[in-house]
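Peer 1: This is a predicted model, with the sequence first.
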Amino acid sequence: MADVESRAWIQVADAEERVLAAGIHAEALVHEEHTHAKASILEVEARADEAVEELEEHLRGRTATLQMQNKALRLQVRRAQHQKARAVEAAESATQAATSLEKPTLVIKAKGIIPDTTRTLIRDMVALGLKVDQVTGVMNAVAHASGVTVEGEVSNRSIRRITLEGLVASRCQIAWESLNADGITLSCDGTTIKNINYDSRYLHANTGTSHQRRFLGISSASNHTSDTQLHGWKTHTQEIFDTYNESPRGLENPLDIRSFLQKVHGMLTDHAEDQKRLKKLFEEWRRCTDRELRGERAMAEIAPLDLLPILAEEAAAAVERAGGAESWARLTAEELEVVDLGIRQAVISRLGEVTYQSLPQSERQLADLFIHAGCCMHKELNSVKGGNTRMMAFWAKTGVQAPCLLMNRDNDAAAQTGSSVARSQAEERSSGGAVKLAELAGALFRHKDDKKGQQDATRYFFEATLAAGELLVHLQHYRDFLEIVRDKKETGRFNHMESNVWKGLHDVPTITELCALALYSQSVSHPYMREVRGPQDGLTNHLDLGPLHDRLKAHMACVVADPSVLLAPDATYVKGSLDGKPWERPQVFATVHELAPNLPHLREVVIEFFAGAAETWERFTAEYASTGTLAKLSTVLRHRAWMPSTNDENEGALGILRLSARSSPTKSLHQHNAQVMYRLNDTSTYVATWASPEEQRFYRQKAREIDSGGLERKRRADIAADNERTAKKKRDERKAKADKKKERRARLARDVTPISDLTKLTLARTTVKLIDEQLDWHREFFDSGPKDTKKIPMKKLLTNKELKLHALIAAVERYNAAGRPEVRIDAEEGLVENEVDDGGYNSDE
């Protein structure tokens, strides 16, 4: 029973615990549900607040939009009348456009940018000769006449810069084309314009049988020495290759100027001595750069251990040159850097020479190939000079009546009113003959200054008489014209130049010389020019003219041996002309034969002229000798070293510069080069074919640098500075010369006493030193007049003691005959006046 009760109480307690736990759980559930419900209510309230805010914001934005639209509508209403008027105007314009053709537009500048097509047009117009300030007007005029609308305008400064873009492009073109050439030849010439030296340069790029001519431009120089000309070549070519290497194409494919020089195989100049030396200097520069380039390539390939012995030898040589180890140790860091550079250069040159010597003979021949050729027109010109010199000597040699002297005004006055000495000097300083007459006639009838001479009157006169031509062909017409010139003057007299020309036109010996010159021109000059220039002017290879010059010299010898080929009544061009073709001017040949019966010495003069010209031809055609370099060249090498037969290109370029300096005196040299190079080199085609947008952008950038760099100002300043240096140098030289002369005079006056006793002047009693001192005294103090009046021969003519003694005896005799005049020494020389001792004798004897 107790157990049952006990279990009952346990069950009751358990039930109570379960009820209590269920109550607690229910209470927890109720609390949780309450919390969740409260959170849900808060979330709903928050969402409701957000929705209200969004709605309010939307309403505010919508209100603002409606307000703006309302304002816009009010503004549109206000502009309605204006819009209506514009709409009517637009409708009218559209109607007109629909009833007529649309005009094309030339865009000169749009949004501040000048298109590349317009830049090309501007460069082309300037290249054709338009001045900068004419370009805009011409474009507008042409556009108006063509019915084209012009958009924008360009300033003169922009036009100048666009022109300089052509200079940059032309430099890049020259460098690029030289890369693809098999061989290159150069040519140059110089002139002086307003006392400033200018040098013109050309290049010919030879590839197979194709030969491209490229103008390199003109540069000014302080002088015309060979060293200055070489410096001009170096700076000019370096400038071209530097410009190319800065361009986008050059950055991608750079060029080395030394590779360019390796391709240079010839140079065409005139025959002056400075040009011969220039050739040697250029050839040496070319050789050094060739060895340098080969040496650098060899150094890059040689093993370091193989290089060490060579480096050690050159370093040892450098130490020895420095004066030994002690001197070497005293060198500064800067001096050592210079010496190290010299050692490296010596090693490179040595390796380059070894590499060159290891080449096959054919490659060494190509590496050494450098031909110097002389312009054929200069050859012909010098032949005329040689013939004229021989012809002028003929009159004195034979003693026959020479051509009359055509003196200038001062010499003529001295000859008319002066003493016999003055008359003799005037005659010695004057000349006559055909060449002098032609010079005076050119100055009178066709003076280069259009304010001088009779060129206009000559043209009017010869138009009236249907005659014009050379002095010989129209001899009587020139005489008649001069009479008109004289008679229309108030005084009825010739001026001095007209008088000289009149006298020359009536002088038989002068006319004889004119005939010789005329025959030479018809027989040699014109046929030679025809063959030199060839049927296609500019394509004749100078190196192929050896046979022509052999034939020319044979023709000259034929005329000298038998002048009847020109003077016989039945003479024709078949034998008389160099090329066997008709005379260039048959009237000239006919006129000579008409005058020949009245010219007794014509045959002898013709022989002398042709003989003198033949001698000159021998000297000026040495490059074509059978044993020379040209005779040994193969056809391939002749094409690589192709060069024109004449230097007309550079002559013409300098002529263009001279004309440009007259018409546009303020144009810079860079602008001139840009204009001429762009035209002559056909750079517009190069730009159209090869220049990318990046390349043309570089042209614009480089042109701005040139334009803003003050290069023209610097060029003129350099010339002025060099003139100042030259003037100072000349002043110093003159002062040194004057000081030396003063010292010499002082020494002679102090140490030398003139000998007046002729009995003491014997070979046995004199020494060479004594005779020289006495002669110097007489030259300085007694025989001290102008050089052409001195009686004592020049020292170079007194080659031995006997001749010197004879000259001294003659000087003493003149001195004694003059009464032994007192010698006065300028007090500024630090000397006093002294009386010459009439019986003194030098104590050194």
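Peer 2: Happy to help now that I have it. Numbers count the residues shown, from 1 in each chain.
Peer 1: could you point out the longest helix in this structure?
Peer 2: Taking DSSP state H as the criterion, the chain has its longest helix at helix 2-99.
Peer 1: Quick check: buried residues in the following helix or strand past that helix?
Peer 2: Note on helix 2-99: by DSSP states H and E, the next helix or strand toward the C-terminus is strand 105-107. Within strand 105-107, the residues that qualify as buried are L106, counting by 16 or more other C-beta atoms under 10 Å. Yep, even glycine has a C-beta here, placed from its N, CA and C like the rest.
Peer 1: and what of stretch 803-821?
Peer 2: Buried, per 16+ other C-beta under 10 Å, within stretch 803-821: K804, L805, A807, L808, A811, V812, Y815, R820.
Peer 1: Might one say that H211 is in contact with I184?
Peer 2: No: between H211 and I184 there is no contact, the gap being 10.3 Å when judged by C-beta atoms under 8 Å.
Peer 1: Pick out whichever of those two has more residues nearby.
Peer 2: I184 (24 against 19; other C-beta atoms under 10 Å).
Peer 1: What residues does the spatially closest residue to H549 that is not a sequence neighbour make contact with?
Peer 2: Nearest residue to H549 in three dimensions, chain neighbours excluded: T621, at 4.5 Å (C-beta to C-beta, 6 or more residues apart in numbering). T621 makes contacts with K379, H549, K553, as judged by C-beta atoms under 8 Å, 6 or more residues apart in numbering.
Peer 1: same question, R638
Peer 2: N541, L543, D544.
Peer 1: Among those residues, name the ones in helices.
Peer 2: Cross-referencing those against helices under DSSP H gives no overlap.
Peer 1: Same list (those residues) but as CSV, adding pLDDT.
Peer 2: Below are those laid out as CSV (pLDDT from 0 to 100):
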residue, pLDDT
N541, 91
L543, 92
D544, 91
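Peer 1: any common contacting residues for H211 and I184?
Peer 2: H204, A205.
Peer 1: hmm, back to that, now which of the contacts of R638 would you call buried?
Peer 2: N541, L543, D544.
Peer 1: which of those residues lies closest to D290?
Peer 2: L543 (21.5 Å; C-beta to C-beta).
Peer 1: Against T269, how distant is that closest one?
Peer 2: Per C-beta to C-beta, to the nearest Å, L543 is found 15 Å from T269.
Peer 1: before we move on, the earlier item: and which of the buried ones among the contacts of R638 is nearest E695?
Peer 2: Closest to E695, out of all of these and judged by C-beta to C-beta, is N541, at 34.3 Å.
Peer 1: Now for the nearest residue to that closest one once chain neighbours are set aside, how many residues are close by?
Peer 2: Leaving out its chain neighbours, the residue that sits closest to N541 by C-beta to C-beta, 6+ apart is W642, at 5.1 Å. If you count neighbours by other C-beta under 10 Å, W642 ends up with 27.
Peer 1: Give me the three-state assignment for W642.
Peer 2: The three-state label given to W642 by DSSP: H, G, I helix; E, B strand; the rest coil is coil.
Peer 1: so what's it up against?
Peer 2: Contacts of W642 (C-beta under 8 Å, 6+ apart): G183, T185, H204, N206, H211, N541, H542, L543.
Peer 1: Quick check: phi and psi at the first one.
Peer 2: Translated: G183. With angles defined as degrees, to the nearest 10, G183 sits at phi -150, psi 160.
Peer 1: Roughly how far does it sit from R640?
Peer 2: Applying C-beta to C-beta to G183 and R640 gives a distance of 3 Å.
Peer 1: anything in contact with each of those two?
Peer 2: In contact with both G183 and R640: N206, H265, using C-beta under 8 Å, 6+ apart.
Peer 1: Just confirm G190 is within a strand.
Peer 2: Yes: applying three-state DSSP, one finds G190 inside a strand.
Peer 1: For beta bridges, what are the partners of the nearest residue to it once chain neighbours are set aside?
Peer 2: Ranked by C-beta to C-beta, 6+ apart and with sequence neighbours excluded, the top spatial neighbour of G190 is D199, at 4.7 Å. As for beta bridges, D199 partners with G190, S219 under DSSP bridges.
Peer 1: Show the pLDDT at D199.
Peer 2: Here the pLDDT value assigned to D199 is 95.
Peer 1: Would you map the helices across the stretch 501-650 of the chain?
Peer 2: 508-520, 526-533, 546-561, 564-567, 573-576, 586-595, 602-620, 635-640, 648-663 (DSSP state H, counting those that start in this stretch).
Peer 1: Most tightly packed of these?
Peer 2: For the helices of the stretch 501-650 of the chain, the largest average neighbour count (mean count of other C-beta atoms under 10 Å) is found in helix 508-520, namely a mean of 24.
Peer 1: Give me the angle between that one and helix 526-533.
Peer 2: 40 degrees (axes from the mean of the first three to the mean of the last three C-alpha atoms, to 10 degrees).
Peer 1: hmm, back to that, a markdown table for the contacts of T621, including distance to L437 and pLDDT?
Peer 2: As requested, the contacts of T621 are exported to a markdown table (distance: C-beta to C-beta, whole Å; pLDDT from 0 to 100):
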| residue | distance to L437 | pLDDT |
| --- | --- | --- |
| K379 | 25 | 93 |
| H549 | 30 | 94 |
| K553 | 29 | 95 |
